[in-house]
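# any chance you could fold what I've pasted below:
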Amino acid sequence: MRRFVFSLQGILQVRTAQHEARAQELLQARLRLRREEAAMQRLEEQFRTALAAVPVGAGAGYFLQRERYLAWLKRSMQEQRVKVGAAETAVTAAVGRLRLADIELRKMEKLQERERKHWQREFQRLEQQFNDEIGSSRAFYRRQPK
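Now for the predicted structure:
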């Protein structure tokens, strides 16, 4: 059975794809947080509007209905606060995952750079060895009588 051979470039591409996926997750989490905060602001605005609006000559039925509506808005605002908190937690978690993916990506980039430098030094060593052999053979042939 053949062994699987890892390519450093292939691993780097996987890490890059993971980093991009984590960045996309963070973007989605931040968008969700903005939506939840906007919904919270709408509920707060509705609550302020309902508190301020008192028509002249309103009866007891109106005030009972208004109190029920205000209680419903308060419950909705409390539920929305929970949703905003969950969205903030999701953003924090996504930031953490993105940082970890960034660290892994930088590790692989550093490893790739070390490998590239290693092979560059090896190539320079072989090239120097080849040039030394050519130089010594030329020197040998120059000393030979013609």
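
# what's the lengthiest helix in the chain packed up against?
For the chain, the helix that runs over the most residues, judged by DSSP state H, is helix 60-143. With contacts taken as 3 or more CB pairs under 8 Å, 6 or more residues apart in numbering; DSSP states H and E, helix 60-143 sits against helix 8-52. For glycine as for every other residue, the C-beta is placed from the backbone atoms N, C-alpha and C.

# just the angle between the helix it packs on and helix 60-143, please?
Angle, helix 8-52 to helix 60-143, by axes from the mean of the first three to the mean of the last three CA atoms, to 10 degrees: 160 degrees.

# shaky segments in the protein?
1-2, 4-6, 146 (pLDDT under 70).

# mind listing what's buried along stretch 89-100?
A90, V91, A94, R97, L98 (16 or more other CB atoms under 10 Å).

# off-centre distance for it?
Remark: stretch 89-100 is offset 7 Å from the chain centroid, using CA atoms, centre = their mean, to the nearest Å.
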